[in-house]
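**Q** coords please:
(chains A and B)
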Amino acid sequence: MQGGSSGIGYGLKYQARCISDVKADTDHTSFITGTLSLREENEVHLLRLSSGGTELICEGLFSHPNEIWDLSSCPFDQRIFSTVFSTGESFGAAVWQIPELYGQLNSPQLERIASLDGHAGKVNCILWWPSGRNDKLISIDEENLFLWSLDCSRKAAQVQSKESAGMLHYLSGGAWDPHDVNAVAATCESSVQFWDLRTMKKTSSIECGHVRNVDYDTRKMHILVTAEDESGIHVWDLRMPKVPINELRGHSHWTWAVTCNPEYDGLILSGGTDSTVNLWFASTTSDELTSGSVVASPSQKLDPLLFSFNDYEDSVYGLAWSSREPWIFASLSYDGRVVVESVKPYLPRK
Amino acid sequence: MGEDDMPMDDKAKRMRDLLSSFYSPDPSVTNTNNPFKFASLDVINTTSFDADQYMNLLVQRSNLEGLLQKHVEMAAEIKNLDTDLQMLVYENYNKFISATDTIKRMKTNIVGMEANMEQLLDKACAKFLIFIMTVQSRSDGVNTSLFEKREHIEKLHRTRNLLRKVQNLLILHNESICSWQYVSHMNFFLSGIEQFIYDLPARLGKCIKSEAYADAVRFYIGAMPIFKAYGDSSFQDCKRASEEAMDTIIKNLQGKLFSDSESIQARAEAAVLLKQLDFPVDSLKAKLFEKLEQSLDGLQLTHEEIANVTAESSNLSEQGNNTESIPGSAHGALVSEFAEAVRAYQVIFPDSEKQLIKLSQDLITKHFEITSDYIKKWIPIANFLGVLRIIWKDVLLIDKVLHEALLPDYSSKASRIAVRQYIKSTFSHLLHDISDALTNVHIKPKEEVDEHPLVVFLEAGKSSVLQGSMNVLLDFRQLLKENLGGLQLSDLIVDWVQEGFQDFFRALHDQFHLLSGKNKSAVQDENSTKGMQVEKVVPGLVLVLAQLSIFIEQTAISRITEARSHSTVEIAAYFSGGGGGAHENGPAFVPGEICRTFHSAGEILLQHYINMRTQKITVLLRKRFTAPNWVKHKEPREVHMFVDLFLQELEAVGTEAKQILPHGVLRKHRRSESNGSSASSRSNSLRDDKMSRSNTHRARSQLLEKHLAKLFKQKVEIFTKTEYTRESVVTTVVKLCLKSFQEFVRLQTFNRSGFQQIQLDVQFLRASLKEIMKLLLTFCLMSWQKRRNRLQFLHNQRKVKLVKLLRHPPAYCGGKMI
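**A** Residues are numbered from 1 along each chain as shown, chains lettered A, B, ... in the order given. Down below sits the predicted model:
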């Protein structure tokens, strides 16, 4: 279960937290990542996996004014991405566009399409609708949920609606349901809240504490995976919000990031502060779970942990599956090291 | 007939002799001695009298005078004889007339009867029967049995034919001189019948007095037809009187039937008699059956009785093997009584078998139901066996009486179930005891300032597991030895016990998980009910459970297996054979599997304990780091409170661990071991790492770059496998907490003052934890130094790219080598 260094590495100059798959790039397997450095000039790296899959090539390197706490690529335009950044004292969020002719310029500057101002506290994340073209953006700060309407051509973003999470609810992140353009899950201290964007109202919630990360299963409706500080990973069926349908033990320290494979059912990747990335295979069908929970024979209960990649020096905060080659994922540890791995050798034989 | 007691003169005597000679067909009897006495002249009085011979003799012997005198005498005698004869005839005629009258009277009746010949015959027969019976009862004075009665009936039949002949004779041949004798007989019969009927009430009364009910009933039944025929007329009073008498008899008989003091035969007879009297026996039967059922209630095993059984069996064990005394209790008596009653009932009502079978089966079922109730309450094995013995005894008793009920089969099935239930309940009680030992102890000694409460729990738990299962084994051995009425249970028991152990350990495993609060809802319930206390105590309990699991894995199972195999050879054979039917019934006891289960359980529980402990500290840290605005932090004045709390928690972990967990080997050794097989390559390289360090010191000039590369390629394995040693547990907790600390710090941005505050806290912490966590603290410290501290900025994270390393070599190496 211990992984050697089979992956392809790439070092960033500074510490980094976030990496994102460039989904709109259908020709190459590319990722975008940004550094987290308070003093130095931060960089955004556009990485591309070489055609042989043996090397990570830096396709572009752009300077970014502040340390980047969150970064996500636009699912329909490969040149557009969003960041959440911090100056140290305050947070900001913006949508950026990579300049067209960056290869020819010496020090290409990122073009700020829109800055998503209006946040008061700490901004947590910006969400794009993962399933296709949508002119809406969601940004979540500690207290509020913003719905933006983005006009790329006019380079403007406007707050379409805004709703407070309510007193005593500090939001920490969220995910946009790929199956329903109007449903968003937002995590707060003690629960995961579900919002309907049309009414900007909470529809339901799951009681679940200290969720670090949340991800919808892109293959199956109603399936949500959460990563929690202490209690590992839970798989939920939103139709049965009381009890998780599956439970994975997570990491020896906090489970920080979790993401579902875009193609393979039940294949879940998690990154933790114990400097490992775990590959899980967890059944996401509830009927199998019921039989699994009454487990009698040990043969039936397979270890859901397929593999543990532990060739990291520091906590792994960033994880991204490639949507083009879904057996490939990129991971980013805090020391600024990007590792791209293939999970092909570890997949269960079907 | 012979009224010959009166004194008579010679003459009259002679007359009588003559008459008797007339009557008797064989006169030789009367005159046997005469021929010698009256050889000459007295021959005249004999039947062999010859007139000519007599005359010749007389003429030869007497003179004329004598002859004349003789003539006169003879003439007088003849005259006398004539008158006597006349009188006799007259008398007889008189009798005959009266007989004729009687016959006439009879005839008038008979004439009425003749219309219905059957009736007539019946009556005649009845009358004759009564006559015969009377004669019989008088002459014999002995109780008449059915057999005798049959003889009577045969006699009756013969006599009836005779009577018919007599009647025919009478009717057809009234004038026949000979028939007067029969008429007189008849007359006598009839008067006898009358006499009998008139006497009947008195006789019945006598019978009641002497309790000869059988006779009374016989009389009454005999008289019945007559009463039917003439009850309304001639014998009205008699009938009423005897009916009254019979009512008392019936009453008495009923009383007798229901009285328990009477012997069964008596009661059975009473029932038979009542049946003969056409009394509604079915209702009696129902009543009696009800009574039987009621007596069942008295037979139920009560708590006291079971207690008695305990006392008795304990006495038994003290006094030695006196098995006979066991069922000598009141219960045994009751049951035998019941058996008797059942037998009686069966005798009395032979068609009642089904009911009785059902009844006795009910009894046994109830016995077993009660037993199962007691089993639920849990009784010691001796009690259980005692109860089983009692039941078995009962079964045998009843079986003797009521063989068709197949009670032994039935009860052996039931007792099998009971034994199984008992085994199950024993195990569940054992489980309960263990969890009690764990929970009770952990709630109670809050006030008592016990230095090592956890040790107490652990010991309690250990002993209850081990002792409990040993006791259970002993009990079951006893159960095996007990041969319950030849029930072939031993195979089954062995299987059940194995199964029981398997289930028991499985349940214990679940129970541990439940107690440890792995189940979230359970924890919440507990918290809501017991409040803060539980929250405080639970981690310790979890640690105890973890240790207990290990104890079970390493010691208890093997001890139990050993104990099992030390039992009798036979049993051992069974156990080692795994029991033939084990696989059909369920999983047999597999020590290996249980060991594995508990091994993993121990790991999980230990992990859980660590998690619980770190969770608390994490909460502490989260509050510490999310609450203040670090960017606007003021100058540090003192070490923050959270450090104290943090240390307090750690101390708690330390004390708990110290109480229960054994000392580990020295930390460094353990570290390299703990990496174990899972990361052998890494631990090797760690050693290389150390070596390389010393090498760098010794030969700095050589291969500096290579060593550096090696050094920084390595990472410190922070999260190693936790072991069951206090150091391991404590360090794991500390590691996890410091890691959390680090993560929290990373999420914040500090101003100078804030950073200084954290530095201060860490320095303090570091001093306290120096010996434990030097390495990791260094690690942490470095990561804090990035924030807001522009002066002291150190690029403290190791990089893959050597170029980068070389860009800041002094800082990096310095950081690393602290």
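**Q** element containing B:C595?
**A** Element membership of B:C595, judged by DSSP states H and E, is helix B:591-626.
**Q** What residues sit buried inside that helix?
**A** B:591, B:594-595, B:597-598, B:601-618, B:620-621, B:624-625 (16 or more other C-beta atoms under 10 Å in any protein chain shown). All C-beta atoms are positioned from the backbone trio N, CA, C, and that covers glycine.
**Q** Could you tell me which residues of the stretch 151-300 of chain A lie near chain B?
**A** A:D229, A:E230, A:S252, A:H253, A:W254, A:T273, A:D274, A:S275 (C-beta under 8 Å from any C-beta of the partner chain).
**Q** how would you label the last one: helix, strand or coil?
**A** This means A:S275. The three-state assignment at A:S275 reads coil, by DSSP: H, G, I helix; E, B strand; the rest coil.
**Q** Make sure it is actually in contact with A:S308.
**A** No - the criterion here is C-beta atoms under 8 Å, and A:S275 misses it with A:S308 at 10.6 Å.
**Q** Of the two, give the one with the bigger neighbour count.
**A** A:S275 (26 against 18; other C-beta atoms under 10 Å in any protein chain shown).
**Q** Tell me who's in contact with the nearest residue to that one once chain neighbours are set aside.
**A** With C-beta to C-beta, 6 or more residues apart in numbering or on different chains as the criterion, A:S275 has its nearest non-adjacent residue at 4.3 Å, and that residue is A:Y312. For A:Y312, the contacting residues are A:S275, A:T276, A:V277, A:S331, A:S333, A:R337, A:V339, B:K715, by C-beta atoms under 8 Å, 6 or more residues apart in numbering or on different chains.
**Q** Could you list the low-pLDDT ranges of the stretch 201-350 of chain A?
**A** The stretch 201-350 of chain A contains residues with pLDDT under 70 at A:284-301, A:349-350.
**Q** typo on my end, the stretch 51-200 of chain A
**A** A:101-107.
**Q** For it, which segments count as strands?
**A** With DSSP state E, counting those that start in this stretch as the criterion, the stretch 51-200 of chain A has strands at A:56-64, A:67-73, A:80-86, A:91-97, A:111-115, A:123-128, A:136-141, A:144-151, A:156-164, A:171-176, A:183-188, A:191-196.
**Q** quick check: angle from the fourth one to strand A:144-151?
**A** For the pair strand A:91-97 and strand A:144-151, the angle between their directions (axes from the mean of the first three to the mean of the last three C-alpha atoms, to 10 degrees) equals 20 degrees.
**Q** Report whether strand A:91-97 contacts chain B.
**A** No - Strand A:91-97 stays clear of chain B (C-beta under 8 Å from any C-beta), getting no nearer than 10.3 Å.
**Q** Which other helices and strands does that strand contact?
**A** With contacts taken as 3 or more C-beta pairs under 8 Å, 6 or more residues apart in numbering or on different chains; DSSP states H and E, strand A:91-97 sits against strand A:80-86, strand A:111-115, strand A:123-128, strand A:136-141.
**Q** Equivalent analysis for the second one, please.
**A** Under the contact criterion of 3+ C-beta pairs under 8 Å, 6+ apart, the helices and strands touching strand A:67-73 comprise strand A:16-21, strand A:30-35, strand A:42-49, strand A:80-86, strand A:123-128.
**Q** The third one - which strands sit beside it in the sheet, and in what orientation?
**A** Pointing back at strand A:42-49 there. Sheet partners assigned to strand A:42-49 using DSSP bridges are listed as strand A:30-35 (antiparallel), strand A:56-64 (antiparallel).
**Q** which of the ones you listed is buried the deepest?
**A** Neighbour counts (mean count of other C-beta atoms under 10 Å in any protein chain shown) averaged over each of the strands paired with strand A:42-49 peak at strand A:30-35, with a mean of 26.
**Q** Show residues contacting that one.
**A** A:12-16, A:18-22, A:42-49, A:59, A:64, A:67-68, A:71, A:73, A:78, A:81, A:83, A:318, A:320, A:322, A:330, A:332, A:336, A:338, A:340.
**Q** Can you pull the phi/psi pair for A:V235?
**A** phi -110, psi 130 (degrees, to the nearest 10).
**Q** And it, how close does it get to chain B?
**A** Per C-beta to the nearest C-beta, to the nearest Å, A:V235 is found 16 Å from chain B.
**Q** Got the confidence number for the closest residue to B:G754 other than its chain neighbours?
**A** Among residues not flanking B:G754 along the chain, B:H633 sits closest, at 3.3 Å (C-beta to C-beta, 6+ apart). On pLDDT, B:H633 comes in at 77.
**Q** who touches B:H633 in this structure?
**A** Contacts of B:H633 by C-beta under 8 Å, 6+ apart are B:F750, B:N751, B:S753, B:G754, B:Q757.
**Q** let's go with 6 Å and repeat that
**A** Going by C-beta atoms under 6 Å, 6 or more residues apart in numbering or on different chains, B:H633 touches B:N751, B:S753, B:G754.
**Q** same question, B:I550
**A** B:G602, B:Y724.
**Q** looking at this, it is in a helix?
**A** Yes - membership of B:I550 in a helix is supported by three-state DSSP.
**Q** that older thread, biggest separation within the contacts of A:Y312, which pair?
**A** Greatest spatial distance in the contacts of A:Y312: A:S331 and B:K715, 15.2 Å, computed using C-beta to C-beta.
**Q** Pick out whichever of the two has more residues nearby.
**A** A:S331 (25 against 18).
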